[in-house]
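J.: need coordinates for the following:
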Amino acid sequence: MNYNDILKQTLAITDKTANYIKNERNKFSNEVFEVKSHNSFVTHVDKNAEHLLLESLSKIVPNSGFLAEESGESNKNSEFLWIIDPLDGTTNYIHSLYPVAISIALMHNNKPVLGVIHEVGLNEVFYASKNDKAYMNNKQISVSKIKHVKDSLLATGFPYYDYDRMEQYMNLMKEFMHVSHGLRRLGSAATDLAYVACGRFEGFFEYSLSPWDVAAGAFIIERAGGKISDFSGGNNYIYGQEILATNANIFEELLSYTMKYMSPDVK
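T.: As a prediction, the model looks like this:
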């Protein structure tokens with residue numbers, strides 16, 4: 001399988017979809033959207049963008065499966081599986097805010113082999129494929145070289161429906177406000193992960209996430225020299241609904257803070 005060729009075709013499809021998303025925003029009314037669940041929204045743009053992606057990507061890797069935010073799972077037993085978020089940051093989009101991102105990962109036998117994140121607002125495209133480095137707009141990227149949390153800028157997101165761990169989470173954020181350069185919340189987990197990969201953030205953490213939020217970004221960070229885990233330091237971050245992503249230097253320190261507050265034993 002020629003992953004460089006698949007990547008080239010995927011980038012072209014993503015670029016076309018990003019143009020659609022941007023152009024539609026000029027005609028979009030922030031009163032026209034559907035409520036999927038509490039604080040979870042979807043627009044016709046999400047659905048149409050996903051249709052464009054599914055139709056085009058299925059031609060690149062025939063008989064591949066899909067796990068997509070709006071249409072769910074299909075052909076799940078396939079050797080190749082695309083994990084797709086057509087518009088990460090729908091709430092931002094509704095309110096004419098950026099970032100908004102397309103996130104695409106390709107899995108081979110449940111292992112990531114390709115990741116693309118296209119942030120529409122700045123037209124920045126982050127990508128990586130198996131056995132290659134990570135790039136943004138044709139320039140190689142890497143995670144930052146910062147060595148301590150006290151010198152780090154961190155990113156996070158706020159759960160919008162699962163509030164069971166909110167008290168512990170708020171305590172963790174309070175700790176990070178004291179010990180780091182600060183916290184940022186952009187409203188797009190895919191973009192947060194891309195920014196860790198290119199060194200703008202030293203770390204990102206969030207829970208109550210879905211595979212399409214993190215699969216592409218986690219792979220790009222790894223190819224950029226960073227580290228990824230769940231909140232316990234394990235590997236269940238694509239399907240485990242929680243992720244910690246850092247540069248190579250602060251991982252252990254950031255994990256120790258995260259486990260202090262977010263371990264299953266903490267009440």
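J.: look up how far S96 lies from M107.
T.: 34 Å (C-beta to C-beta, to the nearest Å). Where you see a C-beta, it was placed from the backbone N, CA and C, and this is true even at glycine.
J.: quick one, which of those two is more surrounded?
T.: M107 (22 against 9; other C-beta atoms under 10 Å).
J.: that one reaches S78, doesn't it?
T.: No: counting by C-beta atoms under 8 Å, M107 does not reach S78; the two are 9.5 Å apart.
J.: quick one, strands of the stretch 151-267 of the chain?
T.: Taking DSSP state E, counting those that start in this stretch to define them, one finds strands in the stretch 151-267 of the chain at 153-156, 182-184, 203-207, 227-229, 242-246.
J.: tell me who's in contact with N4.
T.: 129, 132 (C-beta atoms under 8 Å, 6 or more residues apart in numbering).
J.: and it, what element?
T.: Assignment of secondary structure by DSSP states H and E places N4 within helix 3-25.
J.: for the residue positioned nearest the centre of the chain, give its distance to F204.
T.: Centroid-nearest residue in the chain, with C-alpha atoms, centre = their mean: A190, separated by 2.4 Å. Note on A190: its distance to F204, by C-beta to C-beta, is 10 Å.
J.: circling back: OK, contacts around the residue nearest to the centre of the chain?
T.: 85, 88-89, 101-103, 117, 119, 213-214, 216-217.
J.: same thing with V214?
T.: Contacts of V214 (C-beta under 8 Å, 6+ apart): 189-190, 193, 237-238, 243.
J.: go on, A101?
T.: 85, 87-89, 117-120, 188, 190-191, 194.
J.: one more pass at 7 Å, please.
T.: A101 sits next to 88-89, 117-120, 188, 190-191 when contact means C-beta atoms under 7 Å, 6 or more residues apart in numbering.
J.: same check, this time on A194
T.: Contacts of A194 by C-beta under 7 Å, 6+ apart are 117, 119, 126, 217, 220.
J.: one more time with 8 Å, if that's ok
T.: 101, 117, 119, 124, 126, 136, 217, 220.
J.: among these, who's most crowded?
T.: Counting neighbours by other C-beta under 10 Å, A101 leads these with 34 neighbours.
J.: before we move on, the earlier item: which one of the contacts of A190 is nearest to Y3?
T.: A216 (13.9 Å; C-beta to C-beta).
J.: state the pLDDT value of that closest one.
T.: Listed pLDDT for A216 reads 98.
J.: ok, it touching I83?
T.: Yes: if you go by C-beta under 8 Å, A216 and I83 touch, sitting 7.3 Å apart.
J.: of these two, which one has the most company?
T.: Neighbour totals were compared for A216 and I83, and A216 leads with 32 against 26 (other C-beta under 10 Å).
J.: please report how far that one lies from E253.
T.: Distance from A216 to E253, by C-beta to C-beta: 26 Å.
J.: could I get the full set of helices for the stretch 151-267 of the chain?
T.: For the stretch 151-267 of the chain, applying DSSP state H, counting those that start in this stretch gives helices covering 166-179, 189-197, 211-223, 251-262.
J.: give me the number of residues near the closest residue to E70 other than its chain neighbours?
T.: Of all residues not flanking E70 in the chain, E50 sits nearest, at 4.8 Å (C-beta to C-beta, 6 or more residues apart in numbering). By other C-beta under 10 Å, the residues close to E50 number 23.
J.: E50 contacts I84, doesn't it?
T.: Yes: proximity of E50 to I84 meets the contact threshold set by C-beta under 8 Å, at 6.6 Å.
J.: mind listing what's buried along stretch 69-89?
T.: 69-70, 78, 80-89 (16 or more other C-beta atoms under 10 Å).
J.: and stretch 104-114, by the same measure?
T.: Those would be 104-108, 112-114, for stretch 104-114 by 16+ other C-beta under 10 Å.
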